[in-house]
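1. Have a look at this prediction, sequence included:
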Amino acid sequence: MRYLLRRVALALVLVWVVATIVFTAIHLVPGDPAELLLSSGGSAADPVAVAELRDRLGLNRPLLAQYATFLTGLLRGDLGTSLVDDYPVLDEIALRLPRTLELIAAGTTLAILIGVPAGTWAALHRGGRFDRAASATAAFVLAIPVFVVGTLLVLLLAQTLRWMPAGGYVPFARSPGQHLLLLTLPAVAIAKGLSAVLFRMTRSSVLDVVAQDHVRTARAKGLAPARVVLKHILRNALSPVLTVLGLHMGALLGGTVLVEYVFNWPGLSTPLLRAVESRDYPMVVGIVLVVSTLFLLINLATDLTRAALDPRIRTA
């Protein structure tokens with residue numbers, strides 16, 4: 001319980017730090033949101049109208065006063081209202097965040113199903129053909145950026161072979177089959193890098209555990225090979241793999257922006273890019289804050305899972 005309370009308290013402090021940094025950074029970006037909202041066709045906005053809009057949006061208030069209002073709203077669960085379309089930021093995030101999380105969950109699941117078994121098999125058959133081929137493939141895959149993989153998938157499977165749709169989104173309730181079909185290519189693009197990382201980490205970790213005394217003892221006792229692998233090898237080898245998985249899942253929250261753009265997946269990337277271009281402070285801060293909080297929650301869940309697998313971590 002003490003370990004859990006320490007981790008939760010640290011996560012709350014980090015959320016406040018992230019919120020403060022993001023709020024400060026977005027206000028340091030050059031450009032006046034009021035001018036951007038009122039200008040059209042490259043013509044300059046009316047200074048009187050700009051001043052009135054700045055006053056209505058509260059942009060004329062001191063930065064500390066705006067920060068205090070932001071923190072007060074944050075404690076109430078209110079992320080503010082978009083400066084561009086006057087729409088609640090929380091409602092926009094609630095609409096699009098599940099789509100981004102679905103994409104990350106699909107890509108992560110696919111990466112686990114590929115990387116962990118492949119890494120385990122390569123470690124148990126070290127130096128074999130599969131080990132050499134899989135290690136070379138993982139190194140090659142890691143060298144290719146995700147947007148290049150997404151573009152190649154669209155070019156090959158969608159435009160050339162016409163096996164898959166190039167992109168888009170259909171709600172699951174409307175057409176489950178079409179929804180899963182549209183989800184496949186972006187999930188593969190996300191899984192390619194993570195599966196290679198999990199393969200290499202699993203292989204290295206399993207090799208370390210296989211050489212330990214308790215594994216040799218289990219084999220000498222005549223235990224079934226499957227039981228030795230599952231109970232004595234994988235359970236002890238998964239702790240560093242979970243750490244890497246948690247870090248990369250958090251990074252995927254930011255990395256999906258390019259994937260969503262390539263495959264026209266309506267997640268958080270579209271409102272975030274639009275908000276940055278228009279200096280929509282509440283929308284940018286809200287999205288970045290939610291993504292950062294999810295990153296911290298993923299790392300918290302990873303730490304708690306590792307503590308459950310390895311009791312020594314709880315006393316560290």
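-> Thanks, I have the structure now. Source: prediction; values computed, not measured. Numbers count the residues shown, from 1 in each chain.
2. Could you use CA atoms for every contact and neighbour count after this?
-> OK.
3. all strands for the stretch 201-316 of the chain, in order.
-> For the stretch 201-316 of the chain, strands defined by DSSP state E, counting those that start in this stretch do not occur.
4. And the helices in it, which stretches?
-> Assigned by DSSP state H, counting those that start in this stretch, the helices in the stretch 201-316 of the chain fall at 213-220, 225-227, 235-262, 269-278, 281-309, 311-314.
5. nearest to Ser195, of the ones you listed?
-> helix 235-262 (9.7 Å; CA to CA).
6. Would you pull up how far that closest one lies from the middle of the chain?
-> Put simply, helix 235-262 sits 6 Å off its chain's centre (CA atoms, centre = their mean, to the nearest Å).
7. and what of stretch 254-273?
-> 11 Å.
8. Run through this structure and note the low-pLDDT ranges.
-> 31-32, 34, 36-46, 309-316 (pLDDT under 70).
9. give me that answer again for 50
-> Along the chain, no part satisfies pLDDT under 50.
10. Mind telling me which residue is nearest the centre of it?
-> Leu253 (2.1 Å; CA atoms, centre = their mean).
11. Next one: that one from Leu289, what distance?
-> 12 Å (CA to CA, to the nearest Å).
12. For Phe23, which of the helices of the stretch 201-316 of the chain is the nearest?
-> So among those, helix 281-309 is nearest, using CA to CA, at 6.1 Å.
13. now for that closest one, which elements pack on it?
-> Secondary-structure packing of helix 281-309 (3 or more CA pairs under 8 Å, 6 or more residues apart in numbering; DSSP states H and E): helix 2-28, helix 89-124, helix 235-262, helix 269-278, helix 311-314.
14. The helices of the stretch 201-316 of the chain: which one's closest to Ile104?
-> Across the helices of the stretch 201-316 of the chain, closest to Ile104 is helix 235-262 (CA to CA), at 6.8 Å.
15. gap between Ala224 and Leu234?
-> 14 Å.
16. okay, the two: which has more neighbours?
-> Leu234 (19 against 10; other CA atoms under 10 Å).
17. and that one, what does it touch?
-> Neighbouring residues of Leu234 by CA atoms under 8 Å, 6 or more residues apart in numbering: Val206.
18. how near is it to Val48?
-> 68 Å.
19. what's near enough to touch the residue nearest to the centre of the chain?
-> Taking CA under 8 Å, 6+ apart as the test, what Leu253 contacts is Thr100, Leu101, Ile104, Val291, Phe295.
20. please redo it, this time with the cut-off set to 10 Å
-> Going by CA atoms under 10 Å, 6 or more residues apart in numbering, Leu253 touches Thr100, Leu101, Leu103, Ile104, Leu268, Ser269, Val288, Val291, Ser292, Leu294, Phe295.
21. For the last one, grab the count of nearby residues.
-> By that I understand Phe295. Neighbours around Phe295, by other CA under 10 Å: 23.
22. so who does it touch?
-> So Phe295 contacts 11, 15, 246-254, 289, 301 (CA under 10 Å, 6+ apart).
23. quick one: which of the contacts of Leu253 is nearest Ala220?
-> Using CA to CA, those come closest to Ala220 at Ile104, 42.1 Å.
24. before we move on, the earlier item: mind checking which of the contacts of Phe295 are buried?
-> Burial by neighbour count, judged by 16 or more other CA atoms under 10 Å, picks out Ala11, Val15, Gly246, His248, Met249, Gly250, Leu252, Leu253, Leu289 from those.
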